[in-house]
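**Student:** Sequence and predicted structure, then a few things I'm wondering about:
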Amino acid sequence: VPADGVVHEGESSVNAAMLTGESVPESKYPGAELVAGTINTESPLVMTVRKVGQDTLVSSIVRLIDRAQSQKPKISELADRFARKFVFALLGITVVITAIWLWIDPSKAFWVAVAILAITCPCSISLATPSAIAVAVGRMTRSGVLVTRGYALEGLAHATHVVFDKTGTLTDGQLAVQRVQTMSSFSADELLLWSGSLEQQTEHSVGRAIVVAAKRNGDLLPVSDVKNHPGRGMTGMVLGHGITVGNLRLFDELGIAAPVDFSASADLQVLIAIDGQLAGVVHLSDTIRADAKAALDEIVSLGLKPMILSGDHEARVAQMAKSLGVELAEGGLLPAEKLARVEQLQSQGAVVLMVGDGINDAPVLAQAQVSMAMGGGTVIARHSSDIVLINDQLKQIPFSLRYSRRVMANIKENLGWSVV
């Protein structure tokens with residue numbers, strides 16, 4: 001979608017995950033809003049352009065990033081702070097000793113001052129931090145953690161909260177069939193095979209997920225009289241039966257009764273009808289990354305508080321938070337609202353580590369004291385972050401937290417020995 005506007009003609013589905021975090025494509029029809037940067041996944045649309053250039057939503061997100069980066073507290077290197085205090089103290093001591101020698105023996109006062117300054121030169125202090133950081137960055141890069149900004153290690157060592165995005169961060173960003181609920185004499189495997197056979201004709205992400213699951217049960221069946229209903233579903237013939245696969249809107253249009261309580265589950269629900277009668281429901285959702293639960297448990301064991309801030313549907317965010325054991329979670333947030341939540345945490349004294357992957361995460365990645373982007377995320381998210389998880393492995397987050405603490409301890413030890 002090239003600009004912000006509304007649909008003038010046509011019906012389709014649009015993937016807005018990079019902006020909203022919503023893993024399910026949005027149905028678009030005449031009068032529906034379109035946002036620049038989102039992806040039309042089905043049929044062509046004719047749109048009326050309302051905003052272009054600097055007035056688009058994407059441009060407003062970029063402005064949020066610029067604001068966050070300008071206000072982001074730059075954590076100075078420990079050695080610089082230490083060396084500054086050391087030099088001032090050294091100059092004061094040198095002045096006092098020189099004054100004493102001017103009274104004892106003026107001819108030696110100058111050389112005494114030179115000797116003090118030469119012996120106590122803070123070169124070792126200046127080298128104490130860079131050497132430790134160079135080794136640490138190399139070690140973390142070999143482990144799949146790319147540090148792009150020097151102050152990130154200090155921020156990691158002092159982090160108190162870890163804020164996660166949902167889609168593409170805690171999940172792999174791809175829909176998958178979780179279960180098939182049957183409401184007829186047909187088995188769940190039969191319903192999945194028949195719906196998958198019909199959906200093989202579409203490029204919609206929901207349809208592709210059903211096809212992948214159906215292929216696990218065997219070869220797909222031949223279909224005929226296939227009709228695509230953009231943003232709603234598909235109809236066709238399989239083995240002489242009329243098959244309808246789609247959402248409640250399609251079933252209402254076709255006059256098929258669908259007494260399904262959609263509020264009972266946070267999953268995306270796709271209805272299946274056979275010969276005009278509701279036969280079952282396919283439940284789909286984002287797949288949680290395999291290492292997500294273990295990584296979060298380890299983060300908690302290190303004394304940090306995990307939190308989920310997502311633009312995805314509130315019920316889906318709550319369901320995921322419950323399954324991962326995360327107490328603090330909010331869904332349905334716009335980029336500016338995410339930013340406000342992090343600023344609120346920081347105003348309360350929190351040191352925030354933000355982990356995200358999308359354009360909607362970029363302002364928060366820029367605002368947090370230290371930030372991580374998924375390697376498979378958007379370019380703007382990676383550029384806004386201090387660290388990139390090259391292999392998208394969440395288990396590297398607790399590793400980075402532990403290792404940064406060790407590095408900071410080593411730096412302080414190095415500074416102590418340099419003074420001695």
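**Tutor:** Nice, I can see it.

**Student:** What's the first helix or strand after the least confident helix or strand in the chain by mean pLDDT?
**Tutor:** The weakest-scoring helix or strand in the chain, judged by mean pLDDT, DSSP states H and E, is helix 57-71 (a mean of 61). Remark: after helix 57-71, the chain's next helix or strand is helix 78-104, criterion DSSP states H and E.

**Student:** Contacts for the helix or strand following that following helix, please.
**Tutor:** The first helix or strand that comes after helix 78-104 along the chain, using DSSP H and E, is helix 106-119. Residues from elsewhere that reach helix 106-119, judged by C-beta atoms under 8 Å, 6 or more residues apart in numbering: 90, 93-94, 97-98, 101-102. For glycine as for every other residue, the C-beta is placed from the backbone atoms N, C-alpha and C.

**Student:** Let's see that with 10 Å instead.
**Tutor:** Residues from elsewhere that reach helix 106-119, judged by C-beta atoms under 10 Å, 6 or more residues apart in numbering: 87, 90-91, 93-95, 97-105.

**Student:** Among those residues, which one sits closest to residue 158?
**Tutor:** Closest to residue 158 out of the contacts of helix 106-119 is residue 87 (24.9 Å), distances taken as C-beta to C-beta.

**Student:** And that closest one, how close does it get to residue 94?
**Tutor:** Counting by C-beta to C-beta, to the nearest Å, the gap from residue 87 to residue 94 is 10 Å.

**Student:** Any stretches of the protein with poor pLDDT?
**Tutor:** Residues of the chain meeting the criterion pLDDT under 70: 17-24, 61-83, 118-130, 150, 260-266, 414-420.

**Student:** so what are the domain limits for it?
**Tutor:** 4-55, 86-121, 144-171+288-408, 174-287 (automatic domain parsing).

**Student:** Highest average neighbour count across these: which stretch is it?
**Tutor:** Counting by mean count of other C-beta atoms under 10 Å, domain 144-171+288-408 has the highest mean neighbour count of the domains of the chain, with a mean of 21.

**Student:** End to end on stretch 377-395, go ahead and measure it.
**Tutor:** Its first and final residues considered, stretch 377-395 spans 17 Å by C-alpha to C-alpha, to the nearest Å.

**Student:** quick check, distance from it to the centre of its chain.
**Tutor:** Centroid separation for stretch 377-395 versus its chain: 8 Å, with C-alpha atoms, centre = their mean, to the nearest Å.

**Student:** now do stretch 105-115
**Tutor:** Counting by C-alpha atoms, centre = their mean, stretch 105-115 comes out at 62 Å from the chain centroid.

**Student:** Same question for stretch 306-318.
**Tutor:** Offset of stretch 306-318 from its chain centre (C-alpha atoms, centre = their mean): 11 Å.

**Student:** mind listing the helices for the stretch 151-300 of the chain?
**Tutor:** Counting by DSSP state H, counting those that start in this stretch, residue ranges of the helices within the stretch 151-300 of the chain are 152-157, 188-199, 205-215, 248-254, 292-301.

**Student:** Grab the CA positions of the longest one and hand them over as CSV.
**Tutor:** Output for helix 188-199, consisting of C-alpha atoms alone and laid out as CSV, is shown next (Å, rounded to 0.1, in the frame of the first residue of the first chain):
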residue,chain,number,x,y,z
ALA,A,188,-11.4,-33.6,12.5
ASP,A,189,-8.9,-35.1,10.0
GLU,A,190,-11.6,-35.2,7.3
LEU,A,191,-12.6,-31.6,7.8
LEU,A,192,-8.9,-30.4,7.8
LEU,A,193,-8.2,-32.4,4.6
TRP,A,194,-11.2,-31.0,2.8
SER,A,195,-10.7,-27.4,3.9
GLY,A,196,-7.0,-27.7,3.0
SER,A,197,-7.8,-29.0,-0.4
LEU,A,198,-10.1,-26.0,-1.1
GLU,A,199,-7.6,-23.5,0.4
